[in-house]
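1. Any chance you could fold what I've pasted below:
(4 chains)
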2 protein chains.
Amino acid sequence: MPLLIVDDDEAILQLVSIHLEQAGYNVKKASNAEAALAFLQQHPFDLAIIDVMMPGMNGFQLANIVTKQYEIPVILLTAKGQIEDKERGFGQGIDDYIVKPFETKELLFRVNAILRRYRKIHQAQSVVGNVKMDKDTWELSIGEKQFIWPMKELEILLYLLQRTGRNVSRWDLIDEIWGETLEQPEFTLNTHINRIRERLKRAEATIEIVTIRGFGYRLEVKR
Amino acid sequence: MPLLIVDDDEAILQLVSIHLEQAGYNVKKASNAEAALAFLQQHPFDLAIIDVMMPGMNGFQLANIVTKQYEIPVILLTAKGQIEDKERGFGQGIDDYIVKPFETKELLFRVNAILRRYRKIHQAQSVVGNVKMDKDTWELSIGEKQFIWPMKELEILLYLLQRTGRNVSRWDLIDEIWGETLEQPEFTLNTHINRIRERLKRAEATIEIVTIRGFGYRLEVKR
DNA sequence: TTTGATTTATAAACTCTATATAAATTCAAA
DNA sequence: TTTGAATTTATATAGAGTTTATAAATCAAA
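-> Numbering: from 1, shown residues only, chains lettered A, B, ... in the order given. Model prediction:
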């Protein structure tokens, strides 16, 4: 899960990212607000950790943009003296504060907590392996990249994603995706499955569609 | 966003205005109440920061006029000994006090907070790539140049800007921009998108509108 | 009269489906 | 166990149909 951490202090950047990466997160580092915004424009993140005190645009301003525009939770890092900042940030979309100096364990704990909470709310996503798909907007990301695929292929992939690890019959799939109206449903489905496989391979997805001969398909996580 | 700061102390005037300008505000300076009133008559302001202790008309009197007559929020700057002044001002439209000496950062926080409260919009600008748009004034700049575009196109662009990197359905867009009343919404939207693209290209914007066939559009930063 | 918004008309692009052909698997018979 | 026909699935390609883009015309408002 991609996180963004923004701090002008290189040491903290390193320290924090090492620990978060160890915990399985994908961490991008920015040493100022401008760099952070650039990252945000390129990739989707699930959470941002932002230092309040920075040269140029400060953490509060950045946090505001992040919460409003990108709608992801934010954790602010604030120095000891500025605890009153808390009041100013809460209720503005800031999800948590951590006062420097802090234990990395504590940070990790909070990150986990927030993401857990947040994911419950935003459960419009199907995630399997390194493939993530948003049911509402059809946004598809594989690894860090976002992809634009033809609709039919997205529909089929979603159907399979939602049944990962289970056998899905050809006819269930055909019924679900097409209803009745298809003259040569068998071959048409073949074609689509074939194309999806190609794309998954090209995108280096960690999932694959396995053929269940005589029955249908099954989506699995590669290992 | 235009702010007015009134103080007889030239040093403070300078210090504060530099910081506020850095934060993206448009700051006008007045060194006494008379000059301040002259400014207020000429230009609309969104907030005034006023020193209590001034030669001639004092800060309280000025603040009263400002809040009553121009109906904008006021922050009073008060020296350490005069904290009892607080009682005098609150309930009169004074929104906040700051005691000298103060951190410019603190002032900035309060300014942001108050403006937010007042106009509910706080991040009045959308910035993506080299495109910047002010939601209040519809000012649009691409690179260094400013542009005047037709309203409909600005509305659509803003909607997309605020959802950069996300897929936006045609119908969300149409609903948002037009509501219901449109006979051929599909084609109308096409036309507008087309024009926006032309203009973005001519202005050498670093963003582009990508088509999500069968769904809608998505605004992205070019690379 | 000029500018912006919408509609209409036409062109272009892309998806989907169908078809053709190849490859793989199954199964039965030798 | 091997072989080969039958069956199922994979892959490649092309045409039909749909969606979107573009250009031009009309309408409305300033």
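2. Next SSE downstream of the host helix or strand of A:Ile49?
-> Following DSSP states H and E, one finds A:Ile49 within strand A:47-51. Moving toward the C-terminus from strand A:47-51, the next helix or strand (DSSP H and E) is helix A:59-65.
3. starting at the chain centroid, how far to that next one?
-> Counting by CA atoms, centre = their mean, to the nearest Å, helix A:59-65 is centred 21 Å from the centre of its parent chain.
4. what's the answer for stretch A:42-54, then?
-> Taking mean C-alpha positions (CA atoms, centre = their mean), stretch A:42-54 and its chain are 14 Å apart.
5. For chain A, give me the ranges with low pLDDT.
-> In the predicted model of chain A, residues A:79-106, A:109-110, A:112-114, A:116-124, A:180-183 satisfy pLDDT under 70.
6. Please, where are all the helices along it?
-> Using DSSP state H, the helices of chain A run over A:10-22, A:33-42, A:59-65, A:85-89, A:104-121, A:151-161, A:170-178, A:185-202.
7. got CSV for those helices, with distance to chain B and mean neighbour count too?
-> Placement of C-beta: from N, CA and C, glycine included. As requested, these are exported to CSV (distance: least, CB to the nearest CB, whole Å; neighbours: other CB atoms under 10 Å in any protein chain shown):
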stretch, distance to chain B, mean neighbour count
helix A:10-22, 19, 15
helix A:33-42, 5, 19
helix A:59-65, 6, 23
helix A:85-89, 6, 17
helix A:104-121, 16, 14
helix A:151-161, 4, 19
helix A:170-178, 13, 15
helix A:185-202, 14, 15
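8. And those: which comes nearest A:Asn130?
-> Among these, helix A:185-202 comes nearest to A:Asn130, with 10.2 Å by CB to CB.
9. per-domain residue ranges of chain A.
-> The record's domain split for chain A, according to automatic domain parsing, is A:2-122, A:125-221.
10. Can you tell me which of these is nearest to B:Ile18?
-> domain A:2-122 (13.7 Å).
11. before we move on, back to that, what pairs with the strand holding A:Ile49, and is each one parallel or antiparallel?
-> Sheet pairing for strand A:47-51, assigned by DSSP bridges, gives strand A:2-6 (parallel), strand A:74-78 (parallel).
12. before we move on, the earlier item: would you reformat the helices of chain A as CSV and include distance to B:Asp9?
-> Formatted as CSV, the helices of chain A follow (distance: least, CB to CB, whole Å):
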stretch, distance to B:Asp9
helix A:10-22, 37
helix A:33-42, 31
helix A:59-65, 27
helix A:85-89, 26
helix A:104-121, 42
helix A:151-161, 63
helix A:170-178, 73
helix A:185-202, 65
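13. B:Thr78: which of those helices is closest?
-> helix A:85-89 (20.0 Å).
14. What separation do you get for the closest residue to A:Glu176 other than its chain neighbours and DNA strand C?
-> Distances taken as CB to CB, 6 or more residues apart in numbering or on different chains place A:Tyr159 nearest to A:Glu176, at 5.7 Å, with adjacent residues excluded. The gap separating A:Tyr159 from DNA strand C is 13 Å, by CB to the nearest atom of the strand, to the nearest Å.
15. Tell me which of the domains of chain A sits nearest to B:Val128.
-> domain A:2-122 (6.1 Å).
16. ok, A:His215 - how many residues close by?
-> Actually, residue A:215 is Phe rather than His. A:Phe215 is flanked by 12 other residues according to other CB atoms under 10 Å in any protein chain shown.
17. Now for it: which residues touch it?
-> Listed by CB atoms under 8 Å, 6 or more residues apart in numbering or on different chains, the contact set of A:Phe215 reads A:Asn167, A:Ser169, A:Arg170.
18. does A:Pro185 really touch A:Ile177, like I thought?
-> No: counting by CB atoms under 8 Å, A:Pro185 sits too far from A:Ile177 to count as a contact (9.3 Å).
19. At the contact with DNA strand C, which residues of chain A appear?
-> A:148, A:150-153, A:178, A:182-185, A:187-188, A:190-192, A:213-214 (CB under 7 Å from any atom of the strand).
20. rerun at 6 Å
-> Counting by CB under 6 Å from any atom of the strand, chain A comes close to DNA strand C at A:Pro150, A:Met151, A:Lys152, A:Glu153, A:Trp178, A:Leu182, A:Glu183, A:Gln184, A:Phe187, A:Thr188, A:Thr191, A:Arg213.
21. what's the spacing between the closest residue to the third one other than its chain neighbours and A:Ile156?
-> Translated: A:Lys152. Nearest residue to A:Lys152, sequence neighbours excluded (CB to CB, 6+ apart): A:His192, at 5.9 Å. Separation of A:His192 from A:Ile156 (CB to CB, to the nearest Å): 6 Å.
22. just A:Leu200 next, same as before
-> Distance from A:Leu200 to A:Ile156, by CB to CB: 12 Å.
23. And A:Gly214, by the same measure?
-> Distance, A:Gly214 to A:Ile156, by CB to CB: 19 Å.
24. before we move on, what about A:His19?
-> Per CB to CB, A:His19 is found 39 Å from A:Ile156.
25. cool, A:Ile207 as well?
-> Separation of A:Ile207 from A:Ile156 (CB to CB): 13 Å.
26. that older thread, save the strands paired with strand A:47-51 as CSV, and put in mean neighbour count too.
-> Output for those, formatted as CSV (neighbours: other CB atoms under 10 Å in any protein chain shown):
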stretch, mean neighbour count
strand A:2-6, 23
strand A:74-78, 23
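27. Can you say which of those strands is nearest to A:Thr137?
-> Closest to A:Thr137 of those, according to CB to CB: strand A:2-6, at 17.4 Å.
28. so how far is that closest one off the chain centroid?
-> The answer for strand A:2-6 is 12 Å, by CA atoms, centre = their mean.
29. Now it - C-alpha only, PDB.
-> Extracted C-alpha coordinates of strand A:2-6, given in PDB (Å, rounded to 0.1, in the frame of the first residue of the first chain):
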ATOM      1  CA  PRO A   2       1.600   3.300  -1.100                       C
ATOM      2  CA  LEU A   3       2.300   5.900   1.500                       C
ATOM      3  CA  LEU A   4       3.700   9.300   1.100                       C
ATOM      4  CA  ILE A   5       6.000  10.900   3.700                       C
ATOM      5  CA  VAL A   6       7.000  14.500   3.600                       C
END
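30. residue contacts, A:Ser17?
-> Per CB under 8 Å, 6+ apart, neighbours of A:Ser17: A:Ile5, A:Val27, A:Lys29.
31. Throw those residues into TSV and include distance to B:Leu13, thanks.
-> Below are the contacts of A:Ser17 laid out as TSV (distance: CB to CB, whole Å):
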residue	distance to B:Leu13
A:Ile5	37
A:Val27	43
A:Lys29	38
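32. That's all I had, so thanks and see you.
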